[in-house]
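Enquirer: Give me coordinates for this.
(one chain, ligands or ions: 2)
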Amino acid sequence: MSSVNMSTPKIWVLGDGQLGAMMRHAGMPLALDVRPVDIMSPTDEKLPLAADDIITAEREQWPESSLSRQLSEHPNFINGPVFGRLADRFTQKSLLDELAVATAPWALVDTDITEATLHSRFGERVLLKRRTGGYDGKGQHWLKQTENTAIPADWRHEAIAEQAINFDEEVSLVGCRSADGQCHFYPLALNLHQDGILIASISPLNRLEHLQSQAQEMLAKIMTALEYVGVMAMECFRVGDHLLVNELAPRVHNSGHWTQAGCHISQFELHLRALAHLPIPELKPALPIAMVNLIGVERDDHWLSLPGAELYWYNKEVRPGRKVGHLNLDASDKQQILSALSSLQGWMPAQYQAPLSWMADELK
Ligand code: ATP
Ligand code: MG
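Expert: Ligands and ions are numbered 1, 2, ... in the order given. This next block holds a predicted model:
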């Protein structure tokens, strides 16, 4: 029996950060050959792409390079046209409006629009967001009427303005559409952001169940309209019983990392199955998980002593505000998770105290 089929299509990933690495990891049990590509690597060599290879991306935007061009111009670059459309907040918000999917009220910051117009339309606080390139809260600028904040000159045409949403909390839905049009969803995740960066997620939570069908309808509508294949994430604001879409990510997403420990098929495997046209049964999460992002902190092997903890350490240089790993904590046993969170409070720096208390309160 031959053990290796040399002609098995490869799945190339545009980008080689942690998301690509976790895709490669998820492909291993299925013998899917996943190849993240460092698109900025200075090389004259061509990637050995075969005609039936599949190309995906771990990011919605990328700089031009000979490698990124080679990948994005391949005929099997899945969801090719979707990336540009969602990476630009102007076209993303326009799409949401076209589909009548609720989103924070917004306007394009064009040549003529004034601060006064924005405040009269959206209120005292208006959030400007760069159309492209923003992540982890970067590329945002608050206009405050009381402080007479001005629109930065070089943000015209480069930004949208959004009404400040006084949300109750933030949730996200990670879903997947297969090529035959079937949609699959995980339960909603409850997310906490600190300084614009996701710091903690919990899923599933019984108290969010009544929002699940509303969220699924929204994301199904979006993925279907885009004829999307693979995993997409939808970040939402919860205002009472209503969801407003904050933003969409055409890729696996940080708020879906809990599925690595919580579900028999992680979001990474789910994405690969959709790309490779493999069967996708009903997603049945087995465990509630509390995910803690490790942001700008040195690795501490104490974390590994916590019962029910799984560490993903990205092996990146530690810098303030940089995501360098995450911990998935089994939250099925209340005593165990509360004790784990309390131990973490003892080991983690000051900025973790409030998020860890928030998690404990949610899980009590
Ligand atoms: P990501 O890293 O998820 O891509 P991002 O920096 O691209 O994030 P957003 O998700 O749009 O940008 O915003 C980051 C956070 O800022 C949100 O999760 C939310 O906490 C806050 N925020 C964004 N838009 C609004 C709004 N209209 N009103 C109030 N808060 C907002
Ligand atoms: Mg976001």
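
Enquirer: from here on, contacts and neighbour counts on C-alpha atoms
Expert: Fine.

Enquirer: in stretch 238-249, what's buried?
Expert: Neighbour counts over stretch 238-249 (16 or more other CA atoms under 10 Å) mark 238, 243, 244, 245, 246, 247, 248, 249 as buried.

Enquirer: Residue 187 contacts residue 201, doesn't it?
Expert: No: applying CA atoms under 8 Å as the test, residue 187 and residue 201 come out as separate, 12.0 Å apart.

Enquirer: neighbours around residue 171, how many?
Expert: Applying other CA atoms under 10 Å, we find 26 residues neighbouring residue 171.

Enquirer: Could you do residue 56 as well?
Expert: 26.

Enquirer: Make sure it is actually in contact with residue 75.
Expert: No: the pair residue 56 and residue 75 fails to qualify as a contact (CA under 8 Å) at a distance of 11.4 Å.

Enquirer: Skip the chain neighbours and tell me the closest residue to residue 202.
Expert: Setting aside the residues directly before and after it, residue 202 is nearest to residue 290 in space (CA to CA, 6 or more residues apart in numbering), at 4.5 Å.

Enquirer: Determine which residue lies closest to the centroid of this structure.
Expert: The residue lying closest to the centre of the chain (CA atoms, centre = their mean) is residue 253, at 2.6 Å.

Enquirer: any idea how far residue 185 is from the closest residue to that residue other than its chain neighbours?
Expert: Once flanking residues are discounted, residue 253 sits nearest to residue 233: 6.1 Å by CA to CA, 6+ apart. Separation of residue 233 from residue 185 (CA to CA, to the nearest Å): 10 Å.

Enquirer: For these two, list the residues in contact with both.
Expert: 173, 174, 175 (CA atoms under 8 Å, 6 or more residues apart in numbering).

Enquirer: before we move on, the earlier item: I'd like to know how far the residue nearest to the centre of the chain sits from residue 27.
Expert: To residue 27, residue 253 is 17 Å away according to CA to CA.

Enquirer: what's the answer for residue 65, then?
Expert: Residue 65 sits 26 Å away from residue 27, going by CA to CA.

Enquirer: what's the neighbour count on residue 204?
Expert: Should you count by other CA under 10 Å, residue 204 turns out to have 23 residues around it.
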